[in-house]
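J.: Next comes the sequence, and after it the predicted model I'd like to discuss.
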Amino acid sequence: MSNRTMASLMRRAKVDPMDCYQCGKCAAGCPMANSMDLNSRQIMHCTQLGEAAYNKLISSEAIWLCTGCNVCHERCPHDVDIPSVIEQARYDAIEKGKIRRKSKIFNDIFLTNLKLTGKSQEAFLALIYNMVSLDIFQDMNSVPHMLRHKLVSVLPEFIKNPKEVSNTMEKSKEWGKAEK
Amino acid sequence: MSRVGVFVCHCGTNIAQTVDVERVAEAAKSFPGVVYSSTYKYMCSEPGQAMIKETIEKENLDRIVICSCTPRMHEVTFRKMLKGTKINPYQLEIANIREQCSWVHTDKEKATEKAINLARMSVAKVLLNEPLHTSSIPITKRALVIGGGIAGIQAALDIADAGHEVVLVEKESSIGGKMAMLDKTFPTLDCSACISTPKMVDVSQHPNITLMTSSEIESVGGYVGNFDVTIRQKAKYVNHDICTGCGLCETKCPTKVISEFNQGLAKRPAIGKMYAQAVPAKPVIDPNACRKLIDGKCGLCAKLCPLGCINFEDEDKLVTEKFGAIVVATGYQLIEWGELYPEYGGGKYKDVITGLQFERLVNASGPSEGHILRPSDNTEPKTIVIIKCVGSRDPKKGKSYCSRACCMYGAKHAHQILDKIPGAKVVTFYIDVRTPGKNYEEFYDNTRHDGAIYVRGRVSKIYEEDGKLICLGEDSLLARKVAVKADMVVLETAMVPAVGIRELAGMLGIAVDNHGWVTEAHPKLRPVETQTGGVFLCGVCQGPKDIPDTVAQAGAAASKVIGLLNKDSMETSPMISKVDESKCAGCGFCVKMCPYKAITLEDIDVRQGPKTVKKTVAKINGGLCQGCGACNVACRTGCIELLGFKNNQILEEVDSLCL
Amino acid sequence: MMKYSFFPGCSMGSTAKCYRLSLEYVCRQIGMDLYEIDGWNCCGATSAHVMNEVMGLALPALSLAKAEKNFPHLDIATGCAACYSRLKTAAHHCKNDAGVRYQVEKTIGMPYEAKREVLNFMDIFGTEEAMTAMQEKIRRPLKGLKVACYYGCLNVRPAAITGAPDRENPMTMENIISLSGADCIDWSFKTECCGGAHQNDATTETRPLVDVIIRNAVANGAQCIVTACPLCNMNLEMRQKEYERIFGTPRIPVFAFTELIAIAMGAHWNEIALDAHYTDASKIIAEAIRAGKEADVK
């Protein structure tokens, strides 16, 4: 591939897109394939076709729906590390400000919470996510059970030294590679 | 003073487009020893050769350099040409300015420079070339064919029909190979047994063919025209000289074991024929199953046999025979898919079967007498999924290559299911459909019109739920996942070389590729020869192919054998290794290095002053040596030289380039 | 020597209460010591590595570096498949790529040599020593209980990170569960994805995944599912009422695999908070204990 973006993708993902011969075994086993606007096989096809198709890929919903389960890579006859391609495509998407709305909300809340407390607080996360994403009642019928059995605490918990975590997170961003 | 002529070939535009041939010819004039140089459009053509011959006369040349294509292509052509002249055919050098120059470069200036250097090196070498002379060896007019499948059968019949004696060795108790297991053959749908069993009978009745079943090659010695082969004839425990093949012995055998011929779908007794149409039509005892042979009890068959053929004391026999030529036709087996594909159940689902198992199911002489029934419960499946490329085109889990025949027999399976099961549904998962053969595409087309559904995608997983085998695939033309609920799944699995091919190849001194397929001497121009003279190949042992290709290749191999055996003696290449006995220390390193077993150690008498003493030296067998040069490199005293490629010749080439 | 650095992960202190209590119970019984990493932090889960490559490695490496400092001779144990994957990925890259290690060390401000292995509790309880120790402590075998062992994705894949020998049909959890006397069923969805964190932000897309997993377990005769991950456990268990309503999915109790071992070792109901499960499991457990006792009498 002559194109620099594509060459960089290949290098970062440690994948040669031309290894893929479009058999579709990846998509066949992918739990999310039928919900994706581009399934795993089409994702690889986009990386084979060059810049224009790649731009379509980084604007897709699909790269945000991948659960990272790795079934595609596990069964691929040519050992193509598709999750790695998707991961790098997501970083390129973030740099261009193209993030699926709900993914952005969820990840932002998760990371903000992490920065403040050093650990994730499932109940708070869910609550805030529901309000921001307007899915107010999602999973809320489980809350009474959780409270009754003390599966979640009412107050946020902190790790010993949350500052270390926020420092690490800030410094991570200095290397680039997506979210700044 | 030597008189060298240099002839530079244009090869149409193959060379001339990238190399300035006129400049090469001009430059050559200044090389030491060169008295003449010219160019021509096609040196190998008749006028080209005539021009060279004429020039040799006119310019009184005593050696020549031809700048053209690789010596593998036309060295032999030009040597033949020189036979009619006063120049010895080995006073010739070929400078490869095509494959190693014009074809691999684009910069004309630099390519021309390189071509001039290649010519310079060849001229330097040819000045040191010595006349070499071929010798001749007698030929044993008998052929050995290894493997009794359709390839071996065809080769044996063709050689025998030409009047030469043939020994056909088969490791199973009957010839017939895989073709005998098949039901119908694509694209004509003629019955496999109907067309192969007459040939099997021909083999058994041919006056020129000796059939050795239950036999394997133990060792191979000798060389082209004069092989010494030791064959192990395994104990049959039945005297075939008196056995009439009545079959009484089979009827009461209390031991039943898995039938290999029926691919595990049925059982067979410990004594018996491999299958009804077996040739020879006589039983053998399986020593791994027979109770009498394992723990001394039973012996029922011996009591039943009216002629007293059963001999529990029978032993393996070793016979050594001489052959002039050997044909390797060892065929294939199917890949062991179970452990490679846990996502397809890894073999735990009885109704996930291979294509060969399907052949037995649909075969009238098979375990279900031709009714397609599920192995798990003997019911007729209504929805059948066919999965292609299982183990093929899968470098991670299986083999990188395409097994070539599966697309067609997959289509044939679909056709047979739709033909035999009314209302059946067939879904074939494919990646590509490959039908390059006469009437193949039409057959595939008909299968689709019959109602077979082709879904483009490789299946990711097969699992069982509520008595159905659910096949998860992607319809990649719609980019949608599909889950087909099947009653039976047929996996069209990859062909892999027969067990033991590497050991056999080692004995024969022939090469196999990294998969174990036997390597031909040249993929296009010498397709049925191996690198070892007198050893030929045919059929799937060379690589996956279908029956028509196998039979054609068997005929080709046979014609090569016939051509060899028709001669009383044959010329050997003079470009072989030569030992300088005065320098040889007898260390034996070269013996270990030689891939052709052409070197032995021998004691010779040498005079040391007034005394005669014994000395051990390496001895080259001119019939076996293929001139590979491995011994030259291994020799610690530098006493072995390859004629035509002596050290001083090669050094002179290097010097001419570097000094 | 059964001693490990322990990375509990965030869920162990909250939703995975049953898992943590039973894990601690089993460890006490067999004399296995878990040393909680002092000052451990969240591994970053899916969000960190999705949003920033270095962050996805640095956050887990921060805890690993502390473990290396506090207990330099101990391998690191974690009970969550997602934590395991993140920790192991960070360790793998730091071990095999000097460039990554440099970046990570600079980011966390600590040295990290990635000398010790990251292990999940199937690795740990699957060792011969642990198996023998557990076998000796089984007092109350669960007879006739049909169990589907669910591994999820990240405990087995990707192979290059986990080194799991069999990613389609692993058997370590079955071997461990068999000690409890329960019968492990053969089923086909033990390494299929539960949707992970996407059960939060892509609900319509991921809900059906759990439906097919539960259906296959039930179709193969399972009475309960056991997991080795708090998130898998929650995804399979928490929304069963919702699944029943939408897909007609059958309901089935879901446990952490350590819970069954703890019960078979004689743990009291309350000791491991068995009533905290969403789907009542008391009947099938009581039945299995009763059957176990009967078999013992015979």
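T.: Thanks, I have the structure now. Numbers count the residues shown, from 1 in each chain, chains lettered A, B, ... in the order given.
J.: how about the residues of the stretch 301-450 of chain B near chain C?
T.: B:342-343, B:346, B:348 (C-beta under 8 Å from any C-beta of the partner chain). The C-beta positions use only the backbone N, C-alpha and C, and glycine is treated the same way.
J.: now the strands for chain C?
T.: All strands of chain C, identified by DSSP state E, fall at C:3-7, C:33-36, C:76-78, C:118-120, C:146-149, C:183-184, C:224-227, C:254-256.
J.: Work out for me the element the residue sitting nearest the centre point of chain A sits within.
T.: Residue closest to the average C-alpha location in chain A (C-alpha atoms, centre = their mean): A:W64, at 5.0 Å. Per DSSP states H and E: A:W64 is located in helix A:62-65.
J.: same for that helix, what does it pack against?
T.: Here helix A:62-65 touches helix A:40-49, helix A:82-95, going by 3 or more C-beta pairs under 8 Å, 6 or more residues apart in numbering or on different chains; DSSP states H and E.
J.: so which of the ones you listed gets nearest chain B?
T.: Closest approach to chain B among the helices and strands packed on helix A:62-65 (C-beta to the nearest C-beta): helix A:40-49, 6.0 Å.
J.: Residues in contact with that closest one: which ones?
T.: A:6, A:9, A:15, A:17-18, A:20, A:22-24, A:26-27, A:30, A:33, A:38, A:53-54, A:56-57, A:60, A:62-63, A:66, A:72, A:80, A:82, A:85-86, A:89, B:474, B:476, B:479 (C-beta atoms under 8 Å, 6 or more residues apart in numbering or on different chains).
J.: Mind checking which of those residues are buried?
T.: The neighbour count (16 or more other C-beta atoms under 10 Å in any protein chain shown) marks A:6, A:9, A:15, A:17, A:20, A:22-24, A:26-27, A:30, A:33, A:38, A:53-54, A:57, A:60, A:62-63, A:66, A:72, A:80, A:82, A:85-86, A:89, B:474, B:476, B:479 as buried among the contacts of helix A:40-49.
J.: Can you spell out the domain ranges of chain A, please?
T.: Split into domains by automatic domain parsing, chain A comes to A:4-95, A:101-174.
J.: Endpoints of the shortest one, how far apart?
T.: Using C-alpha to C-alpha, to the nearest Å, the end-to-end distance of domain A:101-174 comes to 24 Å.
J.: Just the buried positions in the helix or strand bottoming out on mean pLDDT in chain C, please.
T.: Across the helices and strands of chain C, mean pLDDT, DSSP states H and E gives its lowest value to helix C:282-297, namely a mean of 90. Across helix C:282-297, burial judged by 16+ other C-beta under 10 Å covers C:284-285, C:288-289, C:291-292.
J.: And for stretch C:159-177?
T.: So, applying 16+ other C-beta under 10 Å, buried residues of stretch C:159-177: C:161-162, C:164, C:167-170, C:172-174, C:176-177.
J.: Also stretch B:603-622?
T.: Buried residues in stretch B:603-622, counted by 16+ other C-beta under 10 Å: B:615, B:617-620.
J.: Does the least confident helix or strand of chain C reach chain A?
T.: No: Helix C:282-297 lies out of reach of chain A by C-beta under 8 Å from any C-beta, never closer than 14.3 Å.
J.: which residues sit against that helix?
T.: For helix C:282-297, contacts defined as C-beta under 8 Å, 6+ apart pick out C:140-145, C:181-182, C:223-224, C:253, C:263, C:269, C:274-275.
J.: make it 6 Å
T.: With C-beta atoms under 6 Å, 6 or more residues apart in numbering or on different chains as the test, helix C:282-297 has contacts from C:140-145, C:181, C:223.
J.: Among the buried ones among the contacts of helix A:40-49, name the ones in helices.
T.: A:6, A:9, A:26-27, A:53-54, A:57, A:62-63, A:72, A:82, A:85-86, A:89 (DSSP state H).
J.: burial count for B:T379?
T.: Residues near B:T379, counting by other C-beta atoms under 10 Å in any protein chain shown, number 11.
J.: The one 10 residues further on now?
T.: Using other C-beta under 10 Å, B:C389 is surrounded by 27 other residues.
J.: Which residues of the stretch 451-600 of chain B lie near chain A?
T.: By the rule C-beta under 6 Å from any C-beta of the partner chain, the part of the stretch 451-600 of chain B lying against chain A is B:457-458, B:460-461, B:472-474, B:476, B:479, B:481.
J.: Go through the residues you listed and say which is closest to B:A505.
T.: Ranked by distance to B:A505 (C-beta to C-beta), those are led by B:R458 at 32.6 Å.
J.: so B:M121 makes contact with B:D655?
T.: No: counting by C-beta atoms under 6 Å, B:M121 stays clear of B:D655, with 9.2 Å between them.
J.: Pretty sure C:A114 sits against C:A91.
T.: Yes: if you go by C-beta under 6 Å, C:A114 and C:A91 touch, sitting 4.7 Å apart.
J.: and B:K114, that one's in a helix?
T.: Yes: the assignment for B:K114 by DSSP: H, G, I helix; E, B strand; the rest coil puts it in a helix.
J.: for the residue of the stretch 151-300 of chain B found nearest chain A, what are its contacts?
T.: Distance from chain A to each residue of the stretch 151-300 of chain B (C-beta to the nearest C-beta) is smallest for B:F186, at 23.6 Å. Shown in contact with B:F186 (C-beta under 6 Å, 6+ apart): B:408, B:412, B:443.
J.: confidence score at the residue of the stretch 301-450 of chain B found nearest chain A?
T.: Closest contact between the stretch 301-450 of chain B and chain A, by C-beta to the nearest C-beta, is at B:D394 (3.8 Å). We have a pLDDT of 97 for B:D394.
J.: ok, now A:S2?
T.: 48.
J.: Flag every residue of chain A that's near chain B.
T.: A:23-25, A:27-29, A:33-34, A:39, A:75, A:77, A:79.
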